[in-house]
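Student: Generate a structure from the sequence data that follows.
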Amino acid sequence: MSDQVDLARLEAVLDEPEVSSAILALESRLPVGVRPRQCSARTLLLGMCACLADGHMSAHLTAVHAALRHLEKDDQVRLGVLASWRSGLHRLSYRQVEYTASLIFRALAKERPDGAPSTDLQWLCDALVEGSIPKRFAGASSSYAIDWTDVASFSRPPGEPEGPSADPEASWGHRRGNGPGQRDELFFGYYASLQTMVNNENSDAVPELVRRIRVSSCRHDPVPSFVEVVTNAATAGVVVHDVLADSGYAYKIPGHFALPLRRIGARLVIDLHPADRGMKGTFAGAICANGNLYCPGTPKALLDLGPLPRGASKDETAAHDDKAAELSRYKLGRLTSHDQDGYHRVGCPAVMGKLRCPLRPDSLRLSHEHPEVLSPPEHPPTCCTKKSLTVPPQVNAKTAQKHDYPSAAWRSSYGRRSAVERSNSRLKDPAGINVDVRGWCKLMGVTPLGLFLACSCVVVNFGLIDAFERHEIAEARRSTPLVPRPRPRRRRTLADLIAASANAPP
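Tutor: Coordinates of the predicted model:
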């Protein structure tokens, strides 16, 4: 590597307790030969991170071998790159690197590969990415944005729909197309899901570090598999409060996305799919719309309110937000939070003093600035006869979220989701680790691709941490008031002036 500090930094990641335990467990599963292997699992992982940190734009074993051979001599001896044999010092060969890599990939793979990572592989990837996050940033935020992106396989796609290919774990998937007017296109490879840290609402900025990554074949739905990774992270001690996701995650079965996340205490901030917006049935007479329960007398024009379009003017934005604020007055207000079983209680908006309703005589004492239900139902349903309701978890299970959709508060909170898009772009940056190029990793299968992508996230996190700390130093320098330095005065006496004159008297 070009700098000794970078090597120490990478080794610190591998020496983290969780990473070290995963490496020791991996070493114990590798076969033992007559002669000890010169390339250990730790050295190989260090070389995988080092070749990407050195600026290599390809995740090849030749780059790993070159990165290890370019270390300082003392480091090579310490890491086993240089070993004492009977004939003298022996430098690690490419064949040895390839042999250790094949053993590791075989040990981390499933007995019957199906395109999904094994438990041991996911454990090692989680430990590697988590080990790259310093302690000062580990608890800096509890909000995360999640998304998946495409990673093409080096293998050529099969010529027939179910024909053979060099990478049997890869599969056809959809990604965003680059052509004019093209929404998506087919590709042959894998989905890589990322969990990126974002700042909490109304809090200071934090570095957008990748916290978790999972690689799986396109034949597997990336949503339930990555939700399992997020919930496992919460079980391991990662505090998860806000989870931001686009409609690709929201437009799924509630048991695959929303319900498991709410079980760990997460609050969803999601963009609803167009098929999930608007009125979607009733519960006890209340209208289910956009993840909330509304009074039966809510105007239909308000219930059909959609998200603010792009390029909206200030007047259009103000009018949209006014409608969203008026719609919130018809919402059944929350009285309690979710219990362990997912139940919570809501109250009638007229009883809570948000609007006027003839069915609630006390609410008519409110000022006329509050909206009024002009045509209450002739046969009042349960929500109009009771002051509060107990809402089971299956009501609005898919669409319920932290903020009212599509209010200004939701729009501001959802804007943080762009952080995960930037994480994807950093991994696909043509000037950096460009995983968007077919052949970036010529090793086929979910195991080598998952390990190299985890190492890529480690390198990307290092760059983000350095940039964030430099920004902090620059901001501290700007906020520090400048102390004016005293101006030196030059005093010249009459004698100095007379001596300096050419026609001075004697």
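Student: the strands in the stretch 201-350 of the chain, which residues?
Tutor: In the stretch 201-350 of the chain, the segments counted as strands under DSSP state E, counting those that start in this stretch are 210-217, 242-245, 267-270, 279-283, 286-289, 292-294, 333-334, 344-347.
Student: just so I know, which of these lies nearest His471?
Tutor: Nearest to His471, of all the strands of the stretch 201-350 of the chain, is strand 210-217, at 18.5 Å by C-beta to C-beta. (C-beta placed from N, C-alpha, C; glycine too.)
Student: any chance of the strands of the stretch 201-350 of the chain in JSON lines, plus distance to Cys384?
Tutor: Listed next are these as JSON lines, based on distance: least, C-beta to C-beta, whole Å:
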{"stretch": "strand 210-217", "distance to Cys384": "46"}
{"stretch": "strand 242-245", "distance to Cys384": "34"}
{"stretch": "strand 267-270", "distance to Cys384": "29"}
{"stretch": "strand 279-283", "distance to Cys384": "12"}
{"stretch": "strand 286-289", "distance to Cys384": "9"}
{"stretch": "strand 292-294", "distance to Cys384": "12"}
{"stretch": "strand 333-334", "distance to Cys384": "15"}
{"stretch": "strand 344-347", "distance to Cys384": "12"}
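Student: okay, those strands in CSV with distance to Ala59, mean pLDDT and mean neighbour count next?
Tutor: Below are those laid out as CSV (distance: least, C-beta to C-beta, whole Å; pLDDT from 0 to 100; neighbours: other C-beta atoms under 10 Å):
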stretch, distance to Ala59, mean pLDDT, mean neighbour count
strand 210-217, 12, 96, 25
strand 242-245, 28, 96, 25
strand 267-270, 33, 95, 23
strand 279-283, 45, 92, 15
strand 286-289, 48, 94, 24
strand 292-294, 46, 95, 24
strand 333-334, 48, 91, 16
strand 344-347, 47, 94, 18
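Student: ok, how many other residues are close to Leu443?
Tutor: 17 (other C-beta atoms under 10 Å).
Student: I figured it was touching Leu449, is that so?
Tutor: Yes - taking contacts as C-beta atoms under 8 Å, Leu443 lies within contact range of Leu449: 7.0 Å.
Student: Please report the distance of Leu121 from Leu92.
Tutor: 24 Å (C-beta to C-beta, to the nearest Å).
Student: The two: who's more crowded?
Tutor: Applying other C-beta under 10 Å to Leu121 and Leu92 shows that Leu121 carries more neighbours, namely 26 against 21.
Student: Give me the phi and psi for the more buried one.
Tutor: As for Leu121, its main-chain torsions (degrees, to the nearest 10) stand at phi -60, psi -50.
Student: wait, what's in contact with the closest residue to it other than its chain neighbours?
Tutor: Nearest residue to Leu121, sequence neighbours excluded (C-beta to C-beta, 6 or more residues apart in numbering): Leu108, at 4.3 Å. Leu108 is in contact with 26, 118, 120-121, 124, 447, 451, counting by C-beta atoms under 8 Å, 6 or more residues apart in numbering.
Student: what's the neighbour count on the residue nearest to Ser407 when sequence neighbours are not counted?
Tutor: Closest residue in space to Ser407, ignoring its immediate chain neighbours: Ala324 at 4.2 Å, by C-beta to C-beta, 6+ apart. Residues lying near Ala324 (other C-beta under 10 Å) number 21.
Student: just Tyr405 next, same as before
Tutor: Look at Tyr405: counted by other C-beta under 10 Å, it has 27 neighbours.
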